[in-house]
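> The sequence and its predicted three-dimensional model are supplied below.
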Amino acid sequence: MIKTEEQYKVIGKVKGIIANLIIGYVKDGHVSQNEICYIGLGEQRLLGEVIKVQGEEIFIQCFESTRGLRIDDKIYFTGSMLEVTLGPGLLSKIYDGLQNDLNKMTTLFLNRGEQSPSLEMDSIWKFHPTAKIGDKVEAGSWLGYVNENAMKHQIMVPFTLEGSWKVERIVTQDNYTLKDTIATLTNDNGDKHNITMVQRWPIKMAIRKYKEKIRPFAMLETGVRCIDVLNPLVEGGTGFIPGPFGTGKTVLQHAISKQASADVIIFAACGERANEIVEVFTEFPKLDDPHTGRKLMERTIIIANTSNMPVAAREASVYTAMTIAEYFRQMGLKVLLLADSTSRWAQALREISNRLEELPGPDAFPMDLSAVIASFYARAGYVHLNNGETGSITFLGTVSPSGGNLKEPVTEATKKTARCFYALSQKRADQKRYPAVDPVDSYSKYLEYPEVKKYLADNISTSWSEMVNQARNALKRGQEVRDQINILGDDGVPIEYHIEYWKAELIDFIILQQDAFDDIDAMTPIKRQKFMFEYILNIYEKDFEFDHYEEISGYFKRIINKLRQLNYSEFESNEFDTRLKEANDIIAEKRN
């Protein structure tokens, strides 16, 4: 909403313009770091954020095109930070990085200075009170809920309130709009606060209205075998997917978003190509949720900030997504946050840093890049709420290193922070081995956590960790043997080397490779993963007898083809049992 000049806290003027960096000055008044301001351009107001204060000089990153701005144009400072609006109606929305509802925009392209409401304030919701008059509450406490897309959307005490409060009044179960007062709180000082279903929170500040954050321990099932089996992601964990262009980062993220056992999916497209985002817009509303049978979009929020949108808004988009994720975590929900790609976020940080003439780090990225990435990833996690419930944010980002160089600064900085590393290999992608996650270079440090080992032993198999190590060693040994065969030739190595290589190929083809476009193979439940993993390792441990190395490849290819057909069969169906028996018959031919 555009205010009159008298309503703004402080008014300054433009002193210099460098692309979307605006240098202003203020003679009277106080301006804070990260404060939001509007730059006047005729009748328009361009949104900006203060990123540096140096005496009277104010450095502002503008979220819009600065074309047409002139020296001495006025800058209106609001006194508040960049905030998001939180409340019922968030689910199924498509926002830009500043939480403008893209479906409410008036034209196909974004007009400069145009803003749209994040939520429909006049929408009607049936409120179910759970708190009672006289109850003691604090920031983040649940007062009641509304049903949003078959999910309980908790209405909470605003996160901005401090100390203990008492419920003086709360409405009965009925229909209300988002702006209606549903409760009144008082504290020991006699202060009163009216509560609506909506609240606002600054995106650069983490929501910490919980009792404690603990180490994650429970595996997050994604249905993607190369992740769940070898490098599991956990609820409240962090991971990232680096890889060259065209290796399948986006497809892998989409597969995880469709299949992961999470309550809410938030997809942040940070500087992605517009054609990929259009695919998300058109595909997601049609998809069925494999867990609920309803539409997947009903529990999804998309933050779209494509590569042709203002570069400064890329940084805002990831923080907007994380703040919305923290809001849902406060409701005791499991949230999966996917960001594609954090490299373009880092590039936005580099552009701003360069325009501020800060001391550059490696590849001209900011010197504090590692600290910025670490502080952002730290906002994910598994928490115990004050009411005894639990919630989690699992964060999985992609990195697009230039030329596939995994030693570049963004990948290295992220590697220090994220606990899961899913390296996509150009070689595997060229060989059509999808998902192209390199089984040797990739890792999950959560496998070292005693809590995770116990969870895997209690919920999957007591020997699961040992089986994973056995498979990883087999794959690594298979890679070493392949290199030796390539150097010495097929007849230059013992027959045992060929057998070892093809046993590793068996693990690769049947466990690691997966068809994301097949209805059955796209998602593998953990029960089926356990059965197939144990079955393949059982084959790996068997001894086979061959007279000549030329027999080996043809024999194992027959087994692989039969077991790949098994992956396309409904688990424990007649077709599955028939193909399993046929595979066993082939295996029995060469057993020692």
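Great, that's in hand.
> CA atoms for contacts and neighbours, from now on please.
Fine.
> Tell me how many other residues crowd the residue lying closest to Ile170 once chain neighbours are set aside.
Take Ile170 and drop its neighbours on the chain: the residue closest to it by C-alpha to C-alpha, 6 or more residues apart in numbering is Ala183, 4.1 Å away. By other C-alpha atoms under 10 Å, 23 other residues sit near Ala183.
> Enumerate every residue touching Ala183.
Residues in contact with Ala183 (C-alpha atoms under 8 Å, 6 or more residues apart in numbering) are Val167, Glu168, Arg169, Ile170, Val171, Asn194, Ile195, Thr196.
> Go ahead and build a PyMOL selection from the buried members of these.
A single PyMOL command selects the buried members of those (16 or more other C-alpha atoms under 10 Å):
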select buried, resi 167+168+169+170+171+195+196
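> Turn the contacts of Ala183 into CSV, columns for pLDDT and distance to Ala131.
Formatted as CSV, the contacts of Ala183 follow (pLDDT from 0 to 100; distance: C-alpha to C-alpha, whole Å):
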residue, pLDDT, distance to Ala131
Val167, 97, 8
Glu168, 96, 11
Arg169, 97, 10
Ile170, 97, 8
Val171, 97, 10
Asn194, 97, 15
Ile195, 97, 13
Thr196, 97, 14
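> Pick out the most distant pair among the contacts of Ala183.
Using C-alpha to C-alpha, the contacts of Ala183 span at most 14.3 Å, a distance reached by Glu168 and Thr196.
> so Ile203 makes contact with Ala325?
No - with contact defined as C-alpha atoms under 8 Å, Ile203 does not reach Ala325; the gap is 10.9 Å.
> ok, now which ones touch Val10?
Val26, Asp28, Gly29, His30, Val31, Tyr76, Phe77, Thr78, Gly79.
> Among those, which ones are in helices?
Among those, no member falls in helices (DSSP state H).
> Mind checking which of the residues you listed land in strands?
The strands, defined by DSSP state E, take in Tyr76, Phe77, Thr78, Gly79 from the contacts of Val10.
> Let me know how buried the third one is, in neighbour terms.
Right, the one you point to is Thr78. 18.
> what's the answer for the second one, then?
Counted with other C-alpha under 10 Å, residues neighbouring Phe77 total 25.
> give the contact list for it.
Counting by C-alpha under 8 Å, 6+ apart, Phe77 touches Tyr8, Lys9, Val10, Ile11, Gly12, Val31, Glu35, Ile36, Cys37, Tyr38.
> show me where the stretch 351-500 of the chain has strands.
Using DSSP state E, counting those that start in this stretch, the strands found in the stretch 351-500 of the chain span residues 381-384, 390-399, 420-421, 443-444.
> how about the ones you listed in CSV, adding mean pLDDT, distance to Gly134 and mean neighbour count?
Output for these, formatted as CSV (pLDDT from 0 to 100; distance: least, C-alpha to C-alpha, whole Å; neighbours: other C-alpha atoms under 10 Å):
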stretch, mean pLDDT, distance to Gly134, mean neighbour count
strand 381-384, 98, 24, 23
strand 390-399, 96, 25, 25
strand 420-421, 96, 46, 24
strand 443-444, 96, 48, 20
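> Of all the ones you listed, which one is nearest Leu178?
strand 390-399 (24.5 Å).
> Which strands border the closest one, and is each parallel or antiparallel?
Note on strand 390-399: by DSSP bridges, its sheet partners are strand 238-242 (parallel), strand 334-340 (parallel), strand 381-384 (antiparallel).
> Next up, phi/psi of the nearest residue to Asp101 once chain neighbours are set aside, please.
Using C-alpha to C-alpha, 6+ apart and skipping residues adjacent in sequence, the residue nearest Asp101 is Tyr95, 4.6 Å away. Per-residue torsions, Tyr95: phi -110, psi 160 (degrees, to the nearest 10).
> Show me what Tyr95 is bridged to.
With DSSP bridges applied, Tyr95 shows beta-bridge pairing to Asp101, Ile303.
> was I right about it contacting Gln115?
No - using C-alpha under 8 Å, Tyr95 makes no contact with Gln115, being 11.0 Å away.
> show me what contacts Arg558?
By C-alpha under 8 Å, 6+ apart, the neighbours of Arg558 are Ile586.
> now do Asn103
Contacts of Asn103 by C-alpha under 8 Å, 6+ apart are Ile94.
> Also Gly391?
Listed by C-alpha under 8 Å, 6+ apart, the contact partners of Gly391 are Arg329, Gln330, Met331, Gly332, Leu333, Lys334, Val335, Tyr382, Val383, His384, Leu385.
> who's in contact with the first one?
Contacts were defined as C-alpha under 8 Å, 6+ apart; by that measure Arg329 touches Val335, Gly391, Ser392, Ile393.
> again, but for Pro439
Applying C-alpha under 8 Å, 6+ apart to Pro439 gives the contacts Cys226, Leu230, Arg472, Leu475.
> what separates it from Gly397, distance-wise?
Distance of Pro439 to Gly397, computed by C-alpha to C-alpha, to the nearest Å: 19 Å.
> all helices of the stretch 201-350 of the chain, in order?
225, 249-259, 274-283, 312-329, 342-355 (DSSP state H, counting those that start in this stretch).
> And for the shortest one, what's in contact with it?
The one in question is helix 225. By C-alpha under 8 Å, 6+ apart, helix 225 touches Ile511, Leu512, Gln513, Gln514, Thr524, Gln529.
> if we go to 6 Å?
For helix 225, the external contacting residues (C-alpha atoms under 6 Å, 6 or more residues apart in numbering) are Leu512.
> what about it, distance to the chain center?
Relative to its parent chain, helix 225 has a centroid offset of 19 Å by C-alpha atoms, centre = their mean, to the nearest Å.
> Wait, Leu396 touches Phe240, no?
Yes - counting by C-alpha atoms under 6 Å, Leu396 does reach Phe240; the two are 5.2 Å apart.
> I'd guessed Ile203 sits against Ala321; true?
No - shown here, Ile203 and Ala321 do not form a contact pair, counting by C-alpha under 6 Å, at 8.6 Å.
> These two: which is more packed in?
Between Ile203 and Ala321, Ala321 has the larger neighbour count (other C-alpha under 10 Å), namely 27 against 21.
> which residues touch Glu541?
So Glu541 contacts nothing (C-alpha under 6 Å, 6+ apart).
> Give me the neighbour count for Tyr568.
Residues lying near Tyr568 (other C-alpha under 10 Å) number 17.
> what's the spacing between it and Ala516?
For Tyr568, the distance to Ala516 equals 11 Å [C-alpha to C-alpha].
> and stretch 23-32, C-alpha only, in PDB?
The C-alpha trace of stretch 23-32 is given here as PDB (Å, rounded to 0.1, in the frame of the first residue of the first chain):
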ATOM      1  CA  ILE A  23      23.500   5.000  -3.100                       C
ATOM      2  CA  GLY A  24      21.400   7.300  -1.100                       C
ATOM      3  CA  TYR A  25      21.900   9.800   1.700                       C
ATOM      4  CA  VAL A  26      19.900  10.800   4.700                       C
ATOM      5  CA  LYS A  27      20.400  14.100   6.500                       C
ATOM      6  CA  ASP A  28      18.000  13.600   9.400                       C
ATOM      7  CA  GLY A  29      16.800  10.400  11.000                       C
ATOM      8  CA  HIS A  30      18.100   6.900  11.600                       C
ATOM      9  CA  VAL A  31      18.300   4.100   9.000                       C
ATOM     10  CA  SER A  32      19.000   0.400   9.900                       C
END
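> How about the contacts made by the most centrally placed residue in the chain?
Centroid-nearest residue in the chain: Leu338, 1.9 Å away (criterion: C-alpha atoms, centre = their mean). Residues counted as contacts of Leu338 (C-alpha under 6 Å, 6+ apart) are Phe267, Ala268, Leu396, Gly397.
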